[in-house]
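Peer 1: Sequence first, predicted coordinates after that:
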Amino acid sequence: MSGHSKFANIKHKKEKNDAAKGKMFTIIGKEIAIAVKEGGPDPSNNSKLRDVIAKAKANNMPNDTIERGIKKAAGDANSVNYEVMTYEGYGPSGIAIIVDTLTDNKNRTAANVKHAFSKGNGNIGTPGCVSYMFDKKGQIIIDREEVSMDPDELMMTALDAGAEDFVEEEDSYTILTSPDDFSQVREALEAAGIPMVEAQVEMIPQTYVDLTDEEDIKNLNRILDMLDDDDDVQEVYHNWNE
């Protein structure tokens, strides 16, 4: 893995306003509903639900909100069925962008995503057009200030649990896993009392691209901001070296 650190971006996102927090809770609420429908409402028998709950707690979602979401998904047979849709495309200067969505209206979501790309002088491509430039990995990020464990001990805890890589940054640690081993590594760290800033399976760029043209940066931020404001959008991955 490169030395690229997401930690500053995560901290910035967490410090955003209440609207951003509301958007994150909406995203996690949908993920809870999907996880419950796929594996049931009991976290002890549903590793995907355990992972979503951990993500919820990392984003300071209240326990009663989490529990309400699980009960609603388990008890409402007529609740909305969300469909997973992924879009791939290019931003200014060929920046690769992947957009994961959960939607109850594919036409609306497709139109909104296409509109965001066009507003920033980007364009939607065909499935697979940029995903080959990313690796699907479990990524766990830990704030150095929040963990008292020695770095070598933390690294061995992660590697013994099945992690592939451990990277020390100035202000954080990043642990990478295969998607299949992500849950067991996250749970091993949780059992060891390690607080995690972020823990989820992501698309990680193999290389990052620098942008120097101010107009390109402005247009790319327009695309990313519009996608961020869309309630159907769950995650956006790109290879811009912000």
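Peer 2: Everything's here; your move. Residues are numbered from 1 along each chain as shown.

Peer 1: where exactly do the helices run in this protein?
Peer 2: 7-14, 18-39, 47-58, 63-75, 106-119, 151-161, 182-191, 214-228 (DSSP state H).

Peer 1: what residues are up against V113?
Peer 2: Counting by CB atoms under 8 Å, 6 or more residues apart in numbering, V113 makes contact with Y87, V99, T101, I124, L227, D230, V233. Using the backbone N, CA and C atoms, a C-beta is placed for each residue, glycine as well.

Peer 1: Closest one of those to N221?
Peer 2: Set against N221, the nearest of the contacts of V113 by CB to CB is L227 (10.7 Å).

Peer 1: With mean pLDDT and distance to M133 as extra columns, can I get the helices of the chain in JSON lines?
Peer 2: Converted to JSON lines, the helices of the chain look like this (pLDDT from 0 to 100; distance: least, CB to CB, whole Å):
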{"stretch": "helix 7-14", "mean pLDDT": "63", "distance to M133": "19"}
{"stretch": "helix 18-39", "mean pLDDT": "85", "distance to M133": "24"}
{"stretch": "helix 47-58", "mean pLDDT": "91", "distance to M133": "25"}
{"stretch": "helix 63-75", "mean pLDDT": "91", "distance to M133": "34"}
{"stretch": "helix 106-119", "mean pLDDT": "97", "distance to M133": "17"}
{"stretch": "helix 151-161", "mean pLDDT": "96", "distance to M133": "26"}
{"stretch": "helix 182-191", "mean pLDDT": "93", "distance to M133": "21"}
{"stretch": "helix 214-228", "mean pLDDT": "95", "distance to M133": "16"}
